[in-house]
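Visitor: Coordinates for the following, if possible.
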Amino acid sequence: MIINKEYSIRKAIPSEFDEIGTLMVETYSQLEGFPKPSEQPNYYKLLASVGEFADKPKTELLVAISPEGQIGGAVVYFGDIQYYGSGGIATQEKMASGFRLLAVSPSARGKGIGKLLTEACISKAITDGNSQLIIHTTMAMQTAWKMYEHRGFKRSEDLDFMQGTLAVYGFRLLLR
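Guide: All right, here's what the predicted structure looks like:
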């Protein structure tokens, strides 16, 4: 478990999956420049049912929880990139972990939750013995983009792909 002053990171429990899905939909639908639910309904169905990722091998839905039990954010961690489920070639990488669908509740922004969730994924990837951690982001996610670059993730154009009309940009962090 990773902890900052206000939030701890742990594996989500099934009774939290619906709330996390709602948080994901709310967060992504509010991003300026990101497709809305009417434009990419299947993507928003994926967000709403994010708990289903927990059924995949070596995959965890991680959640940031306040001392009062409030969910401040979540992310899906893949200990084996083959289960990542995005477009492009990322799932063909070897010795790789990944994370997707990082979301922080609008009411909890500015508290370091995104960084805390990212650090939890990095720690898990190292523990899993992988040599790289792969992620994707979009132009609409500039706060996250800057955070990833500050943490050492490097743009990897070979991992880029298009999700409908949305350009999705790949990043990787070398772990050894």
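Visitor: pLDDT wise, what is the closest residue in space to residue 21 that isn't next to it in sequence at?
Guide: Leaving out its chain neighbours, the residue that sits closest to residue 21 by CB to CB, 6 or more residues apart in numbering is residue 48, at 4.2 Å. Bear in mind the C-beta positions are built from the backbone N, C-alpha and C, glycine included. Looking at residue 48, its pLDDT reads 97.
Visitor: same thing with residue 176?
Guide: pLDDT for residue 176: 82.
Visitor: same thing with residue 2?
Guide: Per-residue confidence (pLDDT) for residue 2: 59.
Visitor: what stretches of this protein score poorly on pLDDT?
Guide: Within the chain, the segments meeting pLDDT under 70 span 1-4.
Visitor: biggest helix in it, by residue count?
Guide: helix 113-127 (DSSP state H).
Visitor: Using CSV, list the CA coordinates for it.
Guide: The C-alpha atoms that make up helix 113-127 are tabulated as CSV, following Å, rounded to 0.1, in the frame of the first residue of the first chain:
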residue,chain,number,x,y,z
ILE,A,113,-3.4,11.5,-6.4
GLY,A,114,-2.4,11.1,-10.0
LYS,A,115,1.3,11.1,-9.0
LEU,A,116,0.5,8.6,-6.2
LEU,A,117,-1.3,6.2,-8.6
THR,A,118,1.5,6.5,-11.2
GLU,A,119,4.1,5.7,-8.5
ALA,A,120,2.1,2.7,-7.4
CYS,A,121,2.2,1.4,-11.0
ILE,A,122,5.9,2.0,-11.4
SER,A,123,6.5,0.1,-8.1
LYS,A,124,4.4,-2.8,-9.3
ALA,A,125,6.1,-2.9,-12.6
ILE,A,126,9.5,-3.1,-10.9
THR,A,127,8.3,-5.8,-8.5
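Visitor: quick thing: my sequence starts at 10, can you match it?
Guide: Shifting the count to begin at 10 puts that one at helix 122-136.
Visitor: In this protein, what residue spans correspond to strands?
Guide: 11-12, 17-20, 68-74, 80-87, 105-113, 141-146, 163-164, 170-172, 175-183 (DSSP state E).
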